[in-house]
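Quick check, what structure comes out for this input:
(chains A and B)
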2 protein chains.
Amino acid sequence: MTIGALQIDTQSAEPVYRQIALEIRRSVLDGRLEPGSRLPATRDLARQLGVNRNTVVAAYDALATEGWIASHTGRGTFVVERTAIDTDEPTDTASDETLRAGFSRTVECAAVGGLQSIYRLAISDEGISFVGSYPAGDHMPVESFAASLQAVLEEDGAKILGYGPTAGDYGLRETIAETMRAAGSDTTPENTLVTSGAQQAIELVFRTFVERGDAVVIEEPTYTGALSVLNSLGARIVGVPVDEQGIRPDLLEVALERHHPKFLYVQPTFHNPTAAEMSPARRREVVEICRRHRCLIVEDDWAGDLRLEGERLPTLHALAGSADVIYLSTFSKKLMPGLRVGWLVASTTAMERLVELKRLQDCGTSPLIQAALDHFLRAGGLDEHLKKTLPSYRVRRDTMFEALRNHFPKEAVFSRPTGGLFIWVTLPASFDGNALFAAARRRGVLYSRGDLFHGDGSGNNCLRLTYSAADPTEIQDGVSVLGSLIQERWPDGPHEGSPGTAESMPIF
Amino acid sequence: MTIGALQIDTQSAEPVYRQIALEIRRSVLDGRLEPGSRLPATRDLARQLGVNRNTVVAAYDALATEGWIASHTGRGTFVVERTAIDTDEPTDTASDETLRAGFSRTVECAAVGGLQSIYRLAISDEGISFVGSYPAGDHMPVESFAASLQAVLEEDGAKILGYGPTAGDYGLRETIAETMRAAGSDTTPENTLVTSGAQQAIELVFRTFVERGDAVVIEEPTYTGALSVLNSLGARIVGVPVDEQGIRPDLLEVALERHHPKFLYVQPTFHNPTAAEMSPARRREVVEICRRHRCLIVEDDWAGDLRLEGERLPTLHALAGSADVIYLSTFSKKLMPGLRVGWLVASTTAMERLVELKRLQDCGTSPLIQAALDHFLRAGGLDEHLKKTLPSYRVRRDTMFEALRNHFPKEAVFSRPTGGLFIWVTLPASFDGNALFAAARRRGVLYSRGDLFHGDGSGNNCLRLTYSAADPTEIQDGVSVLGSLIQERWPDGPHEGSPGTAESMPIF
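Okay, here's the model as predicted:
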């Protein structure tokens, strides 16, 4: 085992755990570490490298997430056999080696992100799925959208099958801006950019501002796709814990003082993955703190319209204005993911660069889809759709919440979300989430593992359970299976949560 | 004028001319250089900075392309008045300044590219346009595509309005792979990635391999969008001239020896902008040279099916195989730009990373559009479409070629392309292309300026004239206007081409 040859660079922008993970990955790729061989115990490797043991644990977790290694309780951690790795494994040739040596840091670091694992699971057809955050097929407004497509093709076919403005169809941007103005935002079509889903909006914004080594503050936990992008850009990720009202202002203030980040990436409404909703007072406080520290806010409002109860709260964008907040959202979650249409709103200064980058990336989103979507929205299609789907989500949320109360141990922590698409469950810190995930998958139940939403490999003891895409019977069956698997594995000794990391864990 | 404060960093990956351009741009932004003020003569600034005069000329050209400065013959070069800059100019606030200071190098460098200028002009409705490289509206197969959309929505609506695999709809990838196999390429659906147009394919490939400062060999001139992406990534661009058969193998060999580039980006078939077509022997030679130097080839075959005469030639991908060539193409030019569907084919090793990066950028291209396109292709829609459009392009090409012979001075150099969408015209090196462009625009005729296709600001004396998107009457009228403007401006002294730069100029 030649991991000892690894040079830890404490000055590097690359976190130490990722340096370790990368070196092990390289060792597997170039044959120094053979499939099936056993990795050193975390305690031993930590001593050998002179790092904290948790750092090695984080590295192993990241590698396990990616499918390079697997832990077997009592036996140790092993390099996974090639055939078992969940990728199309290449047959190496001389050219392959040349390719591999030539990869940019962007893709090397992107591979560490969790988006890959979660997305692959989300679109799989395996068993009962609580994975992806989106509606089931029975909620798609297929016929009314088909009618909108037909209408715009008849009206304007030649034009919308040609190139369009990179910033997006002007009509759709007007419609979006009007809706946002109605919700208190100072938004114009000129400040609105249509993107290929919220994922592209996130990527464009982050790439416009982040240079390798720049600090960015995120909620801990946060959306996997945002973490993956930040990793790919080599950002220094500074996590601030959330409580049941979202990001903690006291710790946010500390993070801004210490790290002078490029921006705060935050989801005030139905936070992914915890479903936490920031109170109005907390929203004002966050805006005020960021303004004081001249920190840009990137507000991800992917779930804004997915409210199951209570009143709509003002967005940070509405509170602070577009000079201080870049706002982004999507039609994927509230309407149809297959359109690949999201949007962002930013000040003119930022917009100029965002549009340029969008143009480099794809010249613009399909004018045909945009025109059809605008037609659909103007005909009231979204309101009608939400009137049908939200009551169904309410039923599914309540079904899942009751099933969790019935089948999960009373020590499991979760709350009843006021909106969004999932429930976040926290088990004791010592709980082996990897083993649970594997066992559940064998029993035909899939969910999103909590560690995918953490930048540091922690959160292994948490589960994100999506209620929106499964029917009530599936929800009851799936939660019951999970409950019995958890009861079987319930730690019988006192809980071993390590107090040192409590601050960086979600509070509820 | 405080440009003298500029520190030239000769060790930087940033070319010196771009360092100069950036500093001037900054001076305009922060008010050190006021609108209307005169820039030093290129000779003076070159002496002051201790650089070659051509370097300063290149910097000024880049700034003029972007609309920051303008030259007036006999009077000098001036900072353009703000209102005349072709962007939405921001009203500065404190937050704007913070934003501006925070931009990443990616977007700072992207701004230097020409894609912005060309794309904006291409989608404008001004006068007679020879700008964009795509079919006119009268060639869109609106009805048959609408039928395909309707069919797949009826069949599979809920599924194709949900999320799909990031690599693309499997059926479409099969269809693409089958077509490529029929043309001699060893391609499978697994090695095929559906992208949002060829632009995204280019961006994904370049970003997967290019680290700031890496050398990349391109044809000189080459596609603007590729140059813009390379600029944004901070690549060291090494241009190799083309002749009437495409890239020159003797100079390619020299470039590979000297620069050990990450890859060669090349368009062997109907090269953009010169329309040159590589002979079969030249294709084999290029593949052989790259193989000898272990240099990856990125083959952009955007115009592959747009052949107006002669036999189909083997792609480099068919000749060399997918371990050595990453192949990319698009449905935008031969079918409909508004679909935003292109694709790339790469070896498994590269594909793994390309798919990951695509997932980060947008999670995948619209499954709805992909399913409809696949339905359209399997129903023979593309063949039918090409049977209608290619004869029309032949007429338009011949009309433009004849008009050029009738209206342009006999010293202008151009050839009759065997395919693609445009004709490339070269005027004497001393010809002031900026003045011609401005005069033509005033007379209602638009074209793509040659300097946009050069990484170094040269090519000012060249024009790319698209014949595909204008009808024959417009073509005759537009070329006649250009001809008379050129005759008016024809240099009466001996041609002043500088022999030192001849090697880096297109030969025809």
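
Can you check which strand is longest in chain A?
The single longest strand within chain A, with elements called by DSSP state E, is strand A:236-243.

Just checking: what are the partner strands of that strand?
Next to strand A:236-243 in the sheet, as set by DSSP bridges, lie strand A:215-220 (parallel), strand A:246-247 (antiparallel).

remind me which residues of the stretch 351-500 of chain A are low pLDDT?
Residues of the stretch 351-500 of chain A that meet the criterion pLDDT under 70 lie in A:491-500.

quick one: the strands in it?
For the stretch 351-500 of chain A, the strands defined by DSSP state E, counting those that start in this stretch cover A:422-426, A:445-449, A:462-466.

So which of those is nearest chain B?
For chain B, the closest of the strands of the stretch 351-500 of chain A is strand A:462-466, at 12.8 Å, according to CB to the nearest CB. Quick note: C-beta positions are derived from backbone N, CA and C, even for glycine.

what's next to stretch A:431-438, contact-wise?
Residues outside stretch A:431-438 that contact it (CB atoms under 8 Å, 6 or more residues apart in numbering or on different chains) are A:61, A:64, A:71, A:73, A:427, A:447, A:449-451, A:459-463, A:482, A:485-486, A:489, A:491.

Let's see that with 6 Å instead.
Identification of contacts with stretch A:431-438 by CB atoms under 6 Å, 6 or more residues apart in numbering or on different chains yields A:449, A:460, A:461, A:485.

which pair in the residues you listed spans the largest distance?
A:460 and A:485 (15.2 Å; CB to CB).

can you redo the strands paired with strand A:236-243 as TSV with distance to residue B:234?
Below are the strands paired with strand A:236-243 laid out as TSV (distance: least, CB to CB, whole Å):
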stretch	distance to residue B:234
strand A:215-220	21
strand A:246-247	34
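
Of those, which is nearest residue A:32?
Minimum separation from residue A:32 across the strands paired with strand A:236-243 (CB to CB) falls at strand A:215-220, 33.8 Å.

and the helix or strand that the closest one is followed by with strand A:215-220, angle?
Using DSSP states H and E, the helix or strand that directly follows strand A:215-220 along the chain is helix A:224-233. Relative orientation of helix A:224-233 and strand A:215-220, computed by axes from the mean of the first three to the mean of the last three CA atoms, to 10 degrees: 160 degrees.

What is helix A:224-233 packed up against?
Helix A:224-233 is packed against helix A:105-110, helix A:115-122, helix A:197-209, helix B:348-362, with contacts defined by 3 or more CB pairs under 6 Å, 6 or more residues apart in numbering or on different chains; DSSP states H and E.

Worst mean pLDDT among the ones you listed?
The minimum mean pLDDT among those belongs to helix A:115-122 (a mean of 70).

so what strands line up beside the helix or strand that it is followed by?
For helix A:115-122, the succeeding helix or strand toward the C-terminus, using DSSP H and E, is strand A:128-130. Here strand A:128-130 is paired, per DSSP bridges, with strand A:445-449 (parallel).

rewinding a little: quick one: which of residue A:460 and residue A:485 has more around it?
Between residue A:460 and residue A:485, residue A:460 has the larger neighbour count (other CB atoms under 10 Å in any protein chain shown), namely 24 against 20.

how close does the nearest residue to the more buried one once chain neighbours are set aside get to residue A:453?
Nearest non-adjacent residue to residue A:460, counting by CB to CB, 6 or more residues apart in numbering or on different chains: residue A:433, 3.9 Å away. The gap separating residue A:433 from residue A:453 is 12 Å, by CB to CB, to the nearest Å.

So these two - more neighbours on which side?
When neighbours are counted by other CB under 10 Å, residue A:433 and residue A:453 differ, and residue A:453 comes out ahead with 26 against 17.

Got the domain ranges for chain A?
For chain A, automatic domain parsing gives the domain ranges A:3-102, A:115-139+A:384-504, A:166-376.

circling back to that earlier point, which one, of the strands paired with strand A:236-243, ends up nearest to residue B:351?
Closest approach to residue B:351 among these is made by strand A:215-220 (29.4 Å; CB to CB).

quick one: the closest one to helix A:197-209, angle?
Taking the same axes, to 10 degrees, one finds that strand A:215-220 is oriented at 150 degrees with respect to helix A:197-209.

ok so, going back, dump the strands of the stretch 351-500 of chain A into TSV; add mean neighbour count as well.
Putting the strands of the stretch 351-500 of chain A into TSV (neighbours: other CB atoms under 10 Å in any protein chain shown) gives the following:
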stretch	mean neighbour count
strand A:422-426	24
strand A:445-449	25
strand A:462-466	26
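
Redo the ones you listed as CSV? Include distance to residue A:230.
CSV is the format used below for the strands of the stretch 351-500 of chain A (distance: least, CB to CB, whole Å):
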stretch, distance to residue A:230
strand A:422-426, 21
strand A:445-449, 18
strand A:462-466, 19
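
Run through the residues that contact residue A:342.
By CB under 6 Å, 6+ apart, the contact set of residue A:342 is A:195, A:197, A:198, A:201, A:330.

Could you tell me which ranges of the stretch 101-250 of chain A sit under the pLDDT cut-off?
Short version for the stretch 101-250 of chain A, where the test is pLDDT under 70: A:110-117, A:123.

how about the residues of it that lie near chain B?
Residues of the stretch 101-250 of chain A lying close to chain B by CB under 6 Å from any CB of the partner chain are A:102, A:104, A:106-107, A:110, A:115-116, A:119, A:123, A:137, A:140, A:142, A:146, A:149, A:153, A:157-158, A:160-163, A:196-197, A:199-200, A:203, A:207-211, A:228-229, A:232.
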